[in-house]
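> Got a predicted model here, sequence first, then my questions.
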Amino acid sequence: MELVRNVVLAMTTEGTVQAFRRAERLVSQRRPLEALRVLEPVISVAEDEPSVQLLLGRAYFFSAQLKRAEQAFRRILEFDPSDHYARLVLGRTLQRQGRYNEARAQIRLATTMQPHDPAYQEALSEINAHIATRSA
């Protein structure tokens, strides 16, 4: 009986990993709605995994489900507040929602944690310029 349970668990895990990898490919191909469908069984098994939440957030972001993307990225930060990439994409998500000051706070934190990454510096400069033009 124990052997059967272990085999079923191994099959589930293997299938979960394959589904996760397929969803990653779909997100990278900008096919987020398909990725979300593929992720459904992964979420039921590994919802609390930061990597699953990150992929889920990215799929939501690319499908313009911004509130859901925000929830996924915030969930990652509950697991690990020092995750600079989660802060960056949360900032980008807030920016797309027009919540510029909140976005700047997240992107500023991400940039502080990852000061030598040009993408982070660019994101911060972009949001600062947007806020400056709105204030003028």
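Done, it's in.
> For this protein, just list every one of the helices.
Applying DSSP state H to the chain gives helices spanning 2-28, 32-46, 50-62, 66-79, 84-96, 100-113, 118-135.
> mind putting these in a markdown table, mean neighbour count and mean pLDDT included?
In short, each C-beta sits where N, CA and C put it, glycine included. Output for these, formatted as a markdown table (neighbours: other C-beta atoms under 10 Å; pLDDT from 0 to 100):
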| stretch | mean neighbour count | mean pLDDT |
| --- | --- | --- |
| helix 2-28 | 13 | 67 |
| helix 32-46 | 17 | 92 |
| helix 50-62 | 21 | 96 |
| helix 66-79 | 18 | 97 |
| helix 84-96 | 22 | 98 |
| helix 100-113 | 19 | 98 |
| helix 118-135 | 13 | 95 |
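> For residue 41, give me its contacts.
Residues in contact with residue 41 (C-beta atoms under 8 Å, 6 or more residues apart in numbering) are 15-16, 19.
> can you rerun that using 7 Å?
Counting by C-beta atoms under 7 Å, 6 or more residues apart in numbering, residue 41 makes contact with 16, 19.
> before we move on, what about residue 19?
Here residue 19 is in contact with 38-39, 41-42 (C-beta under 7 Å, 6+ apart).
> Closest one of these to residue 119?
For these, the residue nearest residue 119 by C-beta to C-beta is residue 39; the value is 25.0 Å.
> you'd agree that closest one is up against residue 23?
Yes. Between residue 39 and residue 23 there is a contact under C-beta atoms under 7 Å: 4.7 Å.
> before we move on, back to that, closest one of the contacts of residue 19 to residue 92?
Among the contacts of residue 19, and counting by C-beta to C-beta, the member closest to residue 92 is residue 39, at 20.2 Å.
> And residue 1, what's its pLDDT?
Predicted confidence (pLDDT) for residue 1: 41.
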